[in-house]
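[1] please find the sequence and the predicted model below.
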Amino acid sequence: MPQPTNLELVHVTKRYGATVAVDAIDLKVPAGCYCCLLGPSGCGKTSTLRMIAGHESVTIGDVLIGATNVTDLPPAKRGTAMMFQSYALFPHLSCLDNVAFSLKMRGVEKTKRRAKAMELLERVDMAQYAQRVPAQLSGGQQQRVALARALITDPQILLLDEPLSALDPFLRVKMRAELRRLQKQLGIPFVHVTHGQDEALALADLVVVMNKGRIEQAAAPRDVFERPATEFIARFLGGHNVIATPSGPVAVRADRVSLRRNGVGANEARLTASVRAIEYQGAHYQVALDHPANSDLTALVSDEVFAAQPLNVGDNVSVLWADQDIHALAPAS
Amino acid sequence: MTAKTAIDQTGAPGWLQALPFGLVFLFFFVLPLAFVVIVSFWDYNDYEMLPSFTTRSYVETFEGCLAELPNLCTILKTYVSTAKFCLIVWLATLLVGFTIAYFLAFHIKTVTTQMVLFLVCTIPFWTSNVIRMISWIPLLGRNGLVNLALEKAHIVNAPLEWLLYSPFSVTLAFVHLFTFFMVVPIFNSMMRIDRRLVEAAYDAGASGWQTLWNLIIPLCKPGVVIGSIFVVTIVMGDFVTFDVMGGEQIASAGKVVETRLNALQFPPAAANAVILLGVTLLIIVGLNRIVDVRKEL
């Protein structure tokens, strides 16, 4: 087992000419932590990952892995391994030789490196496909091979660039669980770039939400969801209503909003609005509301409540929420 | 399935669509080739061809070859010499072509510069083949620029004779003319390589040379084979370059055919053409064994 290692970014900045892709970010990923870098495309999350991996030079700042400053080291000397988006498996090599590739580059003898590669393939349940080339594998199988290839050097940190985005939704959920299990089993930090908030919430110990090259919030998934720091996060995560109040914007979770038909409970209503659209989503109904000051108000109404008090498009409703569900936000930067 | 049936129902039948090109192929390739094979088995005298079946042209081509063994008879010597040129030119164009393609594909970052430099590579093709060859003469001749420069610099005392009308000048002209045929398919192969693969190799700790050897070269094999087919077939069948650059002193397989044609001996010319075709096809089959080119197309 590798030594438990933590990752630290100190004031890391990436500039491409005049544009700043990553703006002086500081981040500590403790040993054994599953960290997700979350944000919309162009927020700098991939640049950050590539700087940690050593595939992108750091303009200003330092990357520390354990006690070592790795800022100027090549990837293979950092103890990191990267799993690429759409896997980047070598198309001319069998799975076995793909996994054994980095050992070959280190001059490990053929039988030895193949034996080790076979072990790794067994760990990801791909031993029976060892002789196939990547084109003969499904997306999920390719991902397992890519994972085995990344792990063969016993990396101290595994970096994953949108690892699940090429999979269909069903497989994505399945592989998500496997990644999580593998990370706990290996005990090394995983840094995982994604633009899917459900993925980040499901996987991570530490969710790092990025926007415009800065970290907006770095916290446990529950903290991020329940107490989003900024208006941007509340909007990006979804499931929140951002409501303008005289004292600044506040977030109210959509599932904490309740609706009464007009007249009922009008005196305690926070707002009155009209129903724009109703979408049935299985366990609940998503009710989109029209309100002059707040354009995209949404309420998630559980199916039981909805059945007891059905709503129709065009209905005027009182919108209610409790004081403890109000969460003040920093305004969008 | 539905898309397939839709195509079947709308367009003209498949055989009709294939017909125009089939006819071109038949009249300009299959029929002439068939005539060549047929004529190669005809008899001839000093002034006409005699349509009868005989292997005379083949027998005469290889006359005395068995008796002279282990020494090589003229025709075998010619083929060995042509094959040697072929091999040297192939190696040189491969080396130069691969290097140029690599530079264009991996070191030039912008597509515009790539295209401009690629067009620069085509400049040799802006003039006719013969003019390109002749332009070497003022450079390489006995009193040419190279010899003058060498003498002025006191590197040599007498002009170098092997610069022109020699195997060297023939090889040089071939490499000059045909490197581009190597560059194009290899460049094409290289542009298809996903750049993330190169990063993945770097991530795995591969040095530049290791990446070249373990990743770039294997993935360029189809391009190399296609380029090789161009170069090998052209050099094997060439006689103009041999004549102009070799001062009509160097024999080649193509030259044998030409000599017979000039003497109006069509059956032996056809027989030699068939032999040349056979040898060239053997080389190409050999190359195809190494790499399945169809995957590339």
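    Arrived safely, thanks for sending.

[2] how about low-confidence regions in the chain?
    This is for chain A. Within chain A, the stretches falling below the threshold (pLDDT under 70) are A:1-4, A:262-267, A:331-333.

[3] correction: the question concerned chain B.
    B:1-10, B:293-297.

[4] closest point of it to chain A, which residue?
    Distance from chain A to each residue of chain B (CB to the nearest CB) is smallest for residue B:205, at 3.0 Å. Bear in mind the C-beta positions are built from the backbone N, C-alpha and C, glycine included.

[5] is it true that that residue touches residue A:105?
    Yes. Using CB atoms under 8 Å, residue B:205 is in contact with residue A:105, at 4.7 Å.

[6] centre-most residue in chain B?
    Geometric centre of chain B, nearest residue: residue B:231, 2.2 Å, by CA atoms, centre = their mean.

[7] circling back: need the contact list for the residue of chain B closest to chain A.
    By CB atoms under 8 Å, 6 or more residues apart in numbering or on different chains, the contact list for residue B:205 reads A:74-76, A:102, A:105-106, A:153.

[8] give the buried subset of the residues you listed as a ChimeraX selection command.
    In ChimeraX, a selection of the buried entries from the contacts of residue B:205 looks like this (16 or more other CB atoms under 10 Å in any protein chain shown):
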select /A:75,76,102,105,153
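
[9] what residues does the stretch 101-250 of chain B have near chain A?
    Residues of the stretch 101-250 of chain B lying close to chain A by CB under 8 Å from any CB of the partner chain are B:194, B:196-197, B:199-207, B:210, B:214-215, B:218-219.

[10] just to revisit the earlier point, adding secondary structure, write the contacts of residue B:205 out as TSV.
    Formatted as TSV, the contacts of residue B:205 follow (DSSP: H, G, I helix; E, B strand; the rest coil):
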residue	secondary structure
A:74	coil
A:75	helix
A:76	helix
A:102	helix
A:105	helix
A:106	coil
A:153	coil
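
[11] and chain B, which of the contacts of residue B:205 reach it?
    A:74-76, A:102, A:105-106, A:153.

[12] biggest helix in the chain by residues?
    Picking chain A for this. Of all segments of type helix in chain A, defined using DSSP state H, the longest is helix A:169-186.

[13] that's the wrong chain, I meant chain B
    helix B:74-102.

[14] distance of the residue of the stretch 101-250 of chain A found nearest chain B relative to residue A:146?
    Closest contact between the stretch 101-250 of chain A and chain B, by CB to the nearest CB, is at residue A:102 (3.5 Å). For residue A:102, the distance to residue A:146 equals 12 Å [CB to CB, to the nearest Å].

[15] tell me the contacts of residue B:52?
    B:42-43.

[16] state the distance from it to residue B:265.
    For residue B:52 relative to residue B:265 (CB to CB), the value is 16 Å.

[17] now swap in residue A:63 and tell me
    Separation of residue A:63 from residue B:265 (CB to CB): 78 Å.

[18] more neighbours, the two?
    residue A:63 (24 against 19; other CB atoms under 10 Å in any protein chain shown).

[19] show me the residue at the heart of chain A, geometrically.
    Centre-nearest of chain A using CA atoms, centre = their mean is residue A:200, 3.2 Å out.

[20] that one touches residue A:207, doesn't it?
    Yes. Here residue A:200 lies in contact with residue A:207, judged by CB under 8 Å, at a distance of 5.0 Å.

[21] pull up the overlap in contacts between those two.
    In contact with both residue A:200 and residue A:207: A:36, A:38, A:221, using CB under 8 Å, 6+ apart.

[22] now the residue of the stretch 1-150 of chain A found nearest chain B: how far from residue B:210?
    Chain B sits closest to residue A:76 of the stretch 1-150 of chain A, with a gap of 3.0 Å, by CB to the nearest CB. Distance from residue A:76 to residue B:210, counting by CB to CB: 11 Å.

[23] shared neighbours, those two?
    residue A:105.

[24] give me the neighbour count for the closest residue to residue B:156 other than its chain neighbours.
    The spatial neighbour of residue B:156 that comes closest, neighbours along the chain excluded (CB to CB, 6 or more residues apart in numbering or on different chains), is residue B:150 at 4.7 Å. When neighbours are defined as other CB under 10 Å, residue B:150 has 16 of them.

[25] likewise for residue A:326?
    Neighbours of residue A:326 (other CB under 10 Å): 14.

[26] now residue A:29
    By other CB under 10 Å, the residues close to residue A:29 number 24.

[27] which residues does residue A:124 contact?
    Contacts of residue A:124 by CB under 8 Å, 6+ apart are A:144-145, A:147-148.

[28] pull the contacting residues for the closest residue in space to residue A:103 that isn't next to it in sequence.
    Distance criterion CB to CB, 6+ apart; nearest residue to residue A:103, sequence neighbours excluded, is residue A:113 at 3.7 Å. By CB under 8 Å, 6+ apart, the contact list for residue A:113 reads A:100, A:103-104.

[29] give the next helix or strand downstream of the one helix or strand residue A:113 maps to.
    Following DSSP states H and E, one finds residue A:113 within helix A:110-123. Next in sequence after helix A:110-123, counting helices and strands by DSSP H and E, comes helix A:139-151.

[30] touching chain B at all, the following helix or strand past that following helix?
    Heading C-terminal from helix A:139-151, the first helix or strand you meet, by DSSP H and E, is strand A:157-161. No. Strand A:157-161 stays clear of chain B (CB under 8 Å from any CB), getting no nearer than 9.0 Å.

[31] list the buried ones in strand A:157-161?
    Those would be A:157-161, for strand A:157-161 by 16+ other CB under 10 Å.

[32] and if you look at stretch B:186-204?
    For stretch B:186-204, by 16+ other CB under 10 Å, it's B:186-190, B:193, B:196-204.

[33] who in chain A is up against chain B?
    Near chain B, when you scan chain A using CB under 8 Å from any CB, you find A:53-55, A:74-76, A:81-82, A:84-86, A:88-92, A:101-102, A:104-106, A:149, A:153.

[34] so what's residue B:151 up against?
    By CB under 8 Å, 6+ apart, the neighbours of residue B:151 are B:157, B:159.

[35] for the helix or strand where it lies, which positions count as buried?
    Per DSSP H and E: residue B:151 is located in helix B:145-152. Residues B:146-147, B:150 are the ones in helix B:145-152 that count as buried (16+ other CB under 10 Å).

[36] and stretch B:99-119, by the same measure?
    Applying 16+ other CB under 10 Å to stretch B:99-119 flags B:100-102, B:104-106, B:114, B:118 as buried.

[37] that'll do, ta.
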